[in-house]
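>>> give me the fold of what follows.
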Amino acid sequence: MMRLVKKLSIRTQLMIIVSSSIAVMFVIALYFYYEMANIREHCSWVHSREKEEATRKAQDLIRMSVARTHLLEPLEEFDLSVNKTAVVVGGGLSGMTGALSLARQGFDVHLIEKEKELGGMARRLRTTLDGMDVQRYLADMVRSIYQHPLVHVSHEATITDVAGYVGNFTTTVNTEGRIKVIKHGAAILATGALEYQPSEYRYGRDDRVLTQLELEERIHDGDDRLTRAETLVMIQCVGCRNEERNYCSRICCTHAIKNALKLKDVNPELNIYILFRDMRTYGFSENRYRDASDKGVMFIRYEPDNSPQVEAGEAEDGRPVLRTTVPDPILGQRLAIDADLLALSAAIIPSEETQVLCKLFKVALSPEGFFQEAHVKLRPVDFAAEGIFLCGTAHYPKHLSESISQAYGAAGRAAVLLSQDTVRASGSVCEVDESKCISCGACITACTYGAIDFADTPHGRKARVIPVLCKGDGLCNSKCPTEAIQLKHYTDDEIIRQLDAAFPELSATAQ
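Down below sits the predicted model:
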């Protein structure tokens, strides 16, 4: 058969291989005999203008795949039972939304909150830019949480240990002076984020300097200093988009526009200056930016290497002011603005819990310190670790509406898992050759899923792989100094066989 195929043209060979693969992949893929030569993404899409070279590359890929299939072995997948209970970590709006969504689908949910009250950061918000009453919405959500019989809330709770795997987790919680052990099949991490406490612009040393959240609270409380003020300055990007935090907090610009419009309603004569690097009121909020400009809010752009300067001073009438100087790019000179109040759009930073929970649940963090999703497009609410999901500002800074939408998405993904009686685990896991293992522990350190430990064997104390925890990422293979650990379906021999097929002249020389 192979001799007959070799006599055909390259185009016909490719057609036979592709059509044959489609026909049999569903039959043999479960036994791990299937190997795909990806000539679409790796050849035709990236080398559309280099047809001859693309054809030769496709031949190489097919030859490598065929060479590897000689060593493929059938692997056994196994089913794991699924506990129908879920754990949601974080009692903010995202966490409560996810917990309530799961409970309404008939699943028991344990909601774990570190504070005495539910609500998280939303307790400090009064309205959204589109007019939503946050406090009323929050009160209704909290009431629904406490009234639902399937939601079990733990206050002042700290997670001390997490064990298990998808469908069968065990989480130990220290809550209100007692230890609670929760067995569950899925978990949602919705720990929220924090507002950066600035050290810049006299914050903490002058009570006239506020953050946007503090300003919103004073607007709602009817602080008479806001009605008596003549000038207010807002400074954007405080604590982010710098070397320490090289990311945009996304919600600050919209929050500043919201407060500016609200202040204009309270005190129409108030002069408001917003000093910005880039105004990012994305979505339909762009219209509100234009509304603010039409109402007399003045926007002045600055560069990061020439940022505003703030110092205490006196106005011409002798009243104390915060003198803010900023370069005007149009006039080409620095402006001095005497402000009665200064509002800082402070960065959104990861909560302290993320650093702890990422180790307990064995999930990844982004370079900025937020939780990292498995795939930004294909699995936006999943972690790489199966059975664990994320939502809200623990993922990255986002508006309230986005957090709530993502919470529903995370609850939906968790419900898909919890609705099953069993979940299938892959057979492509690592295994240890005990005769080669020297018990150095390098593989244990490398494994981010806690799938390897030491066990007593006839050969002594050796590394052991726990198959249900292994995700087959192969990190342990690269760390083992004696090649004692191998990843099934991606063994060293299989990879070497592919390399020999790709570079036959080097293989012949080595022999």
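>>> where does the protein have low pLDDT?
1-31, 507-511 (pLDDT under 70).
>>> show me the domain layout of it.
2-75, 81-192+351-423, 197-347, 427-487 (automatic domain parsing).
>>> distance check, the residue nearest in space to the middle of the chain against Y490.
Taking Cα atoms, centre = their mean as the criterion, Q372 is the residue nearest the geometric centre of the chain, at 3.1 Å. Using Cβ to Cβ, to the nearest Å, we find Q372 at a distance of 24 Å from Y490. In short, each C-beta sits where N, CA and C put it, glycine included.
>>> one step back: in a markdown table, list the domains of the chain along with distance to L506.
A markdown table is the format used below for those (distance: least, Cβ to Cβ, whole Å):
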| stretch | distance to L506 |
| --- | --- |
| domain 2-75 | 13 |
| domain 81-192+351-423 | 35 |
| domain 197-347 | 43 |
| domain 427-487 | 21 |
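>>> nearest to L499, out of those?
For these, the distance to L499 is smallest for domain 2-75, at 8.0 Å, taking Cβ to Cβ.
>>> identify the residues contacting Y490.
Y490 makes contact with S428, G472, G474, according to Cβ atoms under 8 Å, 6 or more residues apart in numbering.
>>> and it, that one's in a strand?
No. Per DSSP: H, G, I helix; E, B strand; the rest coil, Y490 lies outside any strand segment and is coil.
>>> so which of the contacts of Y490 are in strands?
In strands, defined here by DSSP state E, there are no members of these.
>>> please pick the buried ones from these.
Among these, those classed as buried by neighbour count (16 or more other Cβ atoms under 10 Å) are S428, G472.
>>> just give me the closest of the contacts of Y490 to M96.
Closest to M96, out of all of the contacts of Y490 and judged by Cβ to Cβ, is G472, at 35.3 Å.
>>> the closest one touches T491, doesn't it?
No. Counting by Cβ atoms under 8 Å, G472 sits too far from T491 to count as a contact (12.0 Å).
>>> picking that back up, out of the domains of the chain, which is the most enclosed?
domain 81-192+351-423 (a mean of 19; mean count of other Cβ atoms under 10 Å).
>>> before we move on, back to that, want to throw the contacts of Y490 into a markdown table with distance to H184?
Shown next, in a markdown table, are the contacts of Y490 (distance: Cβ to Cβ, whole Å):
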| residue | distance to H184 |
| --- | --- |
| S428 | 26 |
| G472 | 24 |
| G474 | 29 |
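>>> ok, and what's touching stretch 477-487?
The contact list for stretch 477-487 (Cβ under 8 Å, 6+ apart) reads 428-438, 440, 442-443, 445-446, 452, 463, 465, 472, 474, 476, 492.
>>> recalculate using a threshold of 6 Å.
C430, V432, D433, K436, C437, I438, A442, C443, A446, G472, G474, C476 (Cβ atoms under 6 Å, 6 or more residues apart in numbering).
>>> ditto for stretch 249-256
Residues outside stretch 249-256 that contact it (Cβ under 6 Å, 6+ apart) are 129, 212, 234, 236, 240, 274, 279-281, 285, 345, 347-348, 397, 399.
>>> which stretches of the stretch 1-150 of the chain form strands?
With strands called from DSSP state E, counting those that start in this stretch, the stretch 1-150 of the chain shows them at 78-81, 86-89, 109-112.
>>> in TSV: these, plus distance to P308.
What follows is these, written out as TSV (distance: least, Cβ to Cβ, whole Å):
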stretch	distance to P308
strand 78-81	57
strand 86-89	39
strand 109-112	42
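>>> out of those, which comes closest to S405?
Using Cβ to Cβ, the strands of the stretch 1-150 of the chain put strand 86-89 closest to S405, at 16.2 Å.
>>> counting by contacts, list what the closest one packs against.
helix 93-104, strand 109-112, strand 178-184, strand 186-189 (3 or more Cβ pairs under 6 Å, 6 or more residues apart in numbering; DSSP states H and E).
>>> in strands, which of the contacts of stretch 477-487 fall?
C430, V432.
>>> of all pairs in the contacts of stretch 477-487, which one is the farthest apart?
I438 and G472 (23.0 Å).
>>> how close does P397 sit to Y289?
18 Å.
>>> so who does K116 touch?
Applying Cβ under 6 Å, 6+ apart to K116 gives the contacts H155, E156.
>>> returning to that earlier point: nearest to T55 among the contacts of stretch 249-256?
Nearest to T55 out of those is R280 (Cβ to Cβ; 46.7 Å).
>>> got the phi/psi numbers for the residue nearest to the closest one when sequence neighbours are not counted?
Closest residue to R280 apart from its sequence neighbours, by Cβ to Cβ, 6 or more residues apart in numbering: C253 at 4.8 Å. Dihedral pair for C253: phi -60, psi -40, per degrees, to the nearest 10.
>>> how close does C253 get to Y289?
Distance from C253 to Y289, counting by Cβ to Cβ: 8 Å.
>>> common neighbours of the two, please.
Common contacts of C253 and Y289 (Cβ under 6 Å, 6+ apart): T281.
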